[in-house]
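Visitor: Dropping the sequence and predicted coords here.
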Amino acid sequence: MEDRRRAPRAESRMLCRLRSGIRSHSGMVLDASAGGVFVQTTASLPPGTPLSLTIHVPRGKFFTLKGQVARVVVAAAGLKPGAGSGLGVVLSEPPKEYVDWVKSLSDRPKEPLRVSGGKPTKGKNAPGKTRAFQVKLQEIASKRTRDVLVRCGSEAEASELALAEFDDDWKVLRVEAD
């Protein structure tokens, strides 16, 4: 399938509220661009449906945007409700503040999530000390990946701690000592 996006997307995880007519639905913005967003939600709105979208961003700010449903993604059978399901929304005339904010997301270097915890390592490697592990996770319903830097005592514990930062829809691809 050809990618018809007009603007680059920035990965994100922000709560949002979708409103269409008198109906209101919650969701999570998974990626955003100047021209659209993908919202993970259980809402069932057909393509072409006009809506209002309020995205809650850090520091108590929010953007209220107008748009319409461009595509509907339905999760594979057997997954939790909402896992992998969502709406692609094309925005109509987004405000400059929103466009600038999305650009700031795109310009940020992608750093791994950092997690600390666990018991110190015992034995010859580093008696009484934790070690750093790079854990590569993949979302089960998609190809999205995430790097997590974990300080703990073992590879098994690093996997467990990294997965604890995400929901059940992720799996460990690999763990490497840093």
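Guide: Thanks, I have it.

Visitor: Can you list the strands that the longest strand seen in the chain pairs with?
Guide: Of all segments of type strand in the chain, defined using DSSP state E, the longest is strand 61-73. Partners of strand 61-73 in the sheet, by DSSP bridges, are strand 50-57 (antiparallel), strand 86-91 (antiparallel).

Visitor: so which of the ones you listed gets nearest residue 37?
Guide: strand 86-91 (5.2 Å; Cβ to Cβ). Where you see a C-beta, it was placed from the backbone N, CA and C, and this is true even at glycine.

Visitor: need the contact list for the nearest residue to residue 172 once chain neighbours are set aside.
Guide: Nearest residue to residue 172 in three dimensions, chain neighbours excluded: residue 159, at 4.7 Å (Cβ to Cβ, 6 or more residues apart in numbering). Listed by Cβ atoms under 8 Å, 6 or more residues apart in numbering, the contact set of residue 159 reads 135, 172, 175.

Visitor: can you redo those residues as JSON lines with secondary structure and distance to residue 57?
Guide: Formatted as JSON lines, the contacts of residue 159 follow (DSSP: H, G, I helix; E, B strand; the rest coil; distance: Cβ to Cβ, whole Å):
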{"residue": "135", "secondary structure": "strand", "distance to residue 57": "27"}
{"residue": "172", "secondary structure": "strand", "distance to residue 57": "29"}
{"residue": "175", "secondary structure": "strand", "distance to residue 57": "32"}
